[in-house]
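Sequence below, structure please.
(one chain, ligands or ions: 1)
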Amino acid sequence: MPIPDPRPVRAFLDSAHEKFASDAAAFAARDLAPREAPDTDDAARQEARSILSALGQGGWLGPIGRQDWRGVCLVREAVAAQSPLADAVVALQGLATLPILFAGSDAQKKRWAEEAVSGRAMGGFAMTETEAGSDVAAIATRAAKDGDAYVLTGRKSYISNAGIADFYVVFASTDPAAGGKGISAFLVPADTRGLRLSAQVLSAPHPLVEVVFEECRISRENRLGDEGRGFALGLRTLDRMRATVGAAATGMAARALEEATVHAQHRKQFGKPLAEFQLIQEKLARMATELFAARLLVYRAAWEADRGQERVTLEAAMAKSYATEAAQRIIDDAVQILGARGVMASHPVDRLYRAVRALRIYEGTTEIQRLVIAGQLLRDHASG
Ligand SMILES: Cc1cc2nc3c(=O)[nH]c(=O)nc-3n(C[C@H](O)[C@H](O)[C@H](O)COP(=O)(O)OP(=O)(O)OC[C@H]3O[C@@H](n4cnc5c(N)ncnc54)[C@H](O)[C@@H]3O)c2cc1C
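Alright, predicted model coming up:
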């Protein structure tokens, strides 16, 4: 049976998606699982580019280009179960490509989005700053108009793929007095003069860098969408991508549950397999149930998006927050069932334990998702 098993979410899939899920799982097991997890920043950079080529050649980024949200979820689940680094590559291709698909010109779509989906160009998404994390409207990077061009000045923090990306989607303020309504989005090729990289860090499992813009001049054609609409474009992108973060989490959790179940059936203590102890069974039951519930939320959100629902903000916030929090608990329980083996750096569950943590933070923390959910609930109640 492929990991994750598509059957529990069959209600939200058609037969083509079910086949796609099995094929994606087979690709991930064959082409990604055997790759060594890189343990240095340089190794992670090289490996990420190599993984991008493999994903592109296999057509696994195609669902991003087709905006097939269940397809993106299926790819992220399958890939994350075998290689959290490969999942980060898929995530960033989605985050960097969607703003171009939503608001780019035909030329930008051809030059950058098509190349990104084919795995030939790597993207980056530069939103966060030191003083603008959850509070995106506080962005201070400035895009000052100068004739037919904009001059970018500022710094972006924790930018995945920085240094290996070919282009960045950058959010900067064209009108600081207007706050969030003064933010615009720009497509910035990596070789633009004035763009440089600062501190490099490796966060399991992928490389993060601070990107600095020093009077970085870009032409007006590089603006994505209208001036002042960048914040809305960023939110529209996150609206679509958040359920897929949930899918990555359930992929990691499914792998951890599989490892823990097999281990519990084989490891004997006190004269019998661990799986025969009820305390272990209780853990396995809870893990399986939470995984099932998380996947239903994820595929429900993706299904609504595929049906053409314009915003899936509520569904995606529930899917992301529940799935990432549940995955953390499931993987923690898997470590517990594995005992000392589960905290050995070479064990896949140890790698999942480190990798899953960031999913509760990036693309909007759990707290921010809960504010979105409660806000919607309270608005519905007020108008009801
Ligand atoms: C592995 C990784 C990769 C990343 N890649 C990228 C990238 O490629 N591009 C990019 O732009 N960014 C990226 N980020 C940054 C990420 O989007 C931010 O870390 C995230 O938005 C949270 O911002 P912060 O870290 O500044 O936390 P803060 O906003 O400072 O939040 C700190 C804590 O306070 C809580 N909090 C904040 N506001 C509230 C509130 N109103 N009510 C209750 N609690 C609140 C948060 O939930 C959190 O628990 C990445 C982060 C990580 C960890």
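
could you point out which element follows whichever helix in the chain runs longest?
When the chain is parsed with DSSP state H, its longest helix is helix 230-266. Downstream of helix 230-266, the next assigned helix or strand under DSSP states H and E is strand 268-269.

What strands flank that following strand, and is each parallel or antiparallel?
Strands flanking strand 268-269 in the sheet, each with its direction: strand 272-273 (antiparallel) (DSSP bridges).

what sits up against the strand it pairs with?
Defining contact as C-beta atoms under 8 Å, 6 or more residues apart in numbering, one finds that strand 272-273 is touched by A264, Q265, H266, R267. Quick note: C-beta positions are derived from backbone N, CA and C, even for glycine.

my guess is the second one meets I280, correct?
When you say that, I think you mean Q265. No: using C-beta atoms under 8 Å as the test, Q265 is too far from I280 to be in contact (10.0 Å).

Can you pull the residues of this protein lying near the ligand?
125-128, 133-134, 158-160, 203, 208, 358, 361-362, 365, 367-368, 371 (C-beta under 6 Å from any ligand atom).

Kindly give a single PyMOL line that selects the buried subset of the contacts of strand 272-273.
Remark: buried members of the contacts of strand 272-273, expressed as a PyMOL selection using 16 or more other C-beta atoms under 10 Å:
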select buried, resi 264
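
Given the helix or strand bottoming out on mean pLDDT in the chain, what are its sheet partners and their directions?
When the helices and strands of the chain are scored by mean pLDDT, DSSP states H and E, strand 195-203 comes last with a mean of 81. Looking at strand 195-203 with DSSP bridges, its partner strands are strand 206-219 (antiparallel).

The following helix or strand past the strand it pairs with: partners in the sheet, and parallel or antiparallel?
Sequence-wise, the next helix or strand downstream of strand 206-219 (DSSP H and E) is strand 223-224. Sheet pairing of strand 223-224 (DSSP bridges) gives strand 183-189 (antiparallel).

and the partner strand, which residues are buried?
Per 16+ other C-beta under 10 Å, strand 183-189 contains these buried residues: I183, S184, A185, F186, L187, V188.

Just the residues contacting the least confident helix or strand of the chain, thanks.
With C-beta under 8 Å, 6+ apart as the test, strand 195-203 has contacts from 40-41, 44, 155, 158, 162-163, 168, 188, 207-214, 216, 358.

Show the buried residues in those residues.
Neighbour-count burial (16+ other C-beta under 10 Å) is assigned, among the contacts of strand 195-203, to 41, 44, 155, 158, 162-163, 168, 188, 207-213, 216, 358.

got a list of what the closest residue to Q265 other than its chain neighbours touches?
Distance criterion C-beta to C-beta, 6 or more residues apart in numbering; nearest residue to Q265, sequence neighbours excluded, is A275 at 4.8 Å. The contact partners of A275, by C-beta under 8 Å, 6+ apart, come to T261, A264, Q265, Q281, L284.

Adding pLDDT, write those out as TSV.
Converted to TSV, these look like this (pLDDT from 0 to 100):
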residue	pLDDT
T261	98
A264	98
Q265	98
Q281	98
L284	98
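
Between the residues you listed, which sits nearest R311?
L284 (37.0 Å; C-beta to C-beta).

so what sits against both of Q265 and I280?
Shared contacts of Q265 and I280 (C-beta under 8 Å, 6+ apart): L274.

For burial, what's the neighbour tally of the residue in the stretch 201-350 of the chain that the ligand sits nearest to?
The nearest approach of the stretch 201-350 of the chain to the ligand comes at S203, 4.6 Å away (C-beta to the nearest ligand atom). Other residues lying near S203 total 18 when counted by other C-beta atoms under 10 Å.

Name whatever forms a beta bridge with it.
On the basis of DSSP bridges, S203 is bridged to H206.

what's the spacing between it and M1?
Applying C-beta to C-beta, to the nearest Å, the value for S203 to M1 is 32 Å.

got any ranges where this structure has weak pLDDT?
Residues of the chain meeting the criterion pLDDT under 70: 202, 204-205, 384.

ranges for the helices of it?
Along the chain, counting by DSSP H, helices occupy 15-27, 41-57, 62-66, 69-82, 84-103, 106-108, 114-117, 230-266, 278-306, 313-338, 348-357, 366-383.

Tell me the gap between the shortest one and the middle of its chain.
So that's helix 106-108. 25 Å (C-alpha atoms, centre = their mean, to the nearest Å).

same question, the fifth one
Average the C-alpha atoms of helix 84-103, do the same for its chain, and the two points are 7 Å apart (C-alpha atoms, centre = their mean).

Need the CA coordinates for that helix. PDB is fine.
Output of helix 84-103 as PDB, limited to C-alpha atoms (Å, rounded to 0.1, in the frame of the first residue of the first chain):
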ATOM      1  CA  PRO A  84      11.100  16.700   3.900                       C
ATOM      2  CA  LEU A  85      13.700  18.600   1.800                       C
ATOM      3  CA  ALA A  86      11.900  17.600  -1.400                       C
ATOM      4  CA  ASP A  87       8.700  18.800   0.100                       C
ATOM      5  CA  ALA A  88      10.200  22.200   0.800                       C
ATOM      6  CA  VAL A  89      11.300  22.300  -2.800                       C
ATOM      7  CA  VAL A  90       7.700  21.700  -3.900                       C
ATOM      8  CA  ALA A  91       6.300  24.200  -1.400                       C
ATOM      9  CA  LEU A  92       8.600  27.000  -2.700                       C
ATOM     10  CA  GLN A  93       7.900  26.300  -6.300                       C
ATOM     11  CA  GLY A  94       4.200  26.700  -5.400                       C
ATOM     12  CA  LEU A  95       4.700  29.900  -3.400                       C
ATOM     13  CA  ALA A  96       6.800  31.500  -6.100                       C
ATOM     14  CA  THR A  97       4.800  30.400  -9.100                       C
ATOM     15  CA  LEU A  98       1.300  31.200  -8.000                       C
ATOM     16  CA  PRO A  99       1.700  35.000  -7.800                       C
ATOM     17  CA  ILE A 100       2.900  34.900 -11.400                       C
ATOM     18  CA  LEU A 101       0.000  32.700 -12.500                       C
ATOM     19  CA  PHE A 102      -2.500  35.000 -10.600                       C
ATOM     20  CA  ALA A 103      -1.100  38.400 -11.600                       C
END
